[in-house]
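A.B. asks: Fold the following, please.
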Amino acid sequence: MTRKRKAEAPRVPAGTGAGCCRVASMVTVDHRGQMVLPKDLRDRAGIRAGDKMVLVSWERDGQVHCLFLLKAEKLTAMLGDLLGPVLRGATTA
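C.D. replies: Now for the predicted structure:
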């Protein structure tokens, strides 16, 4: 049996300021608005059944141009790192 070889996703060219970003996969939205993240991507991202995810949208001129998906605990940690010093400063003032 011959196994199909997956085409490698194109990468954003280095030096554009976004060298870490790439097209990881293409998904299809079903009639209920649901989509499935491919298993290999879930495995690499450490996404497991039951994980809470945060969907962040970036809008410009009234249109959504980009969607970011990240684990809720990552967002919580990022906000804690960002707001922690501010909140500590507010309580000591």
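A.B. asks: How many neighbouring residues does Ala45 have?
C.D. replies: By the other C-beta atoms under 10 Å criterion, the neighbourhood of Ala45 contains 15 residues. C-beta here means a position set from N, CA and C on the backbone, and glycine is covered the same way.
A.B. asks: what stretches of the chain score poorly on pLDDT?
C.D. replies: For the chain, the stretches with pLDDT under 70 are 1-19, 90-93.
A.B. asks: Who does the most centrally placed residue in it form a beta bridge with?
C.D. replies: The chain has Leu69 as the residue nearest its centroid, 3.2 Å off, counting by C-alpha atoms, centre = their mean. Using DSSP bridges, the beta-bridge partners of Leu69 come out as Leu55.
A.B. asks: and His65, what element?
C.D. replies: strand 63-71 (DSSP states H and E).
A.B. asks: The next helix or strand after that strand packs against which elements?
C.D. replies: Counting by DSSP H and E, the element after strand 63-71 in chain order, helix or strand, is helix 72-92. Judged by 3 or more C-beta pairs under 8 Å, 6 or more residues apart in numbering; DSSP states H and E, helix 72-92 is in contact with strand 53-60.
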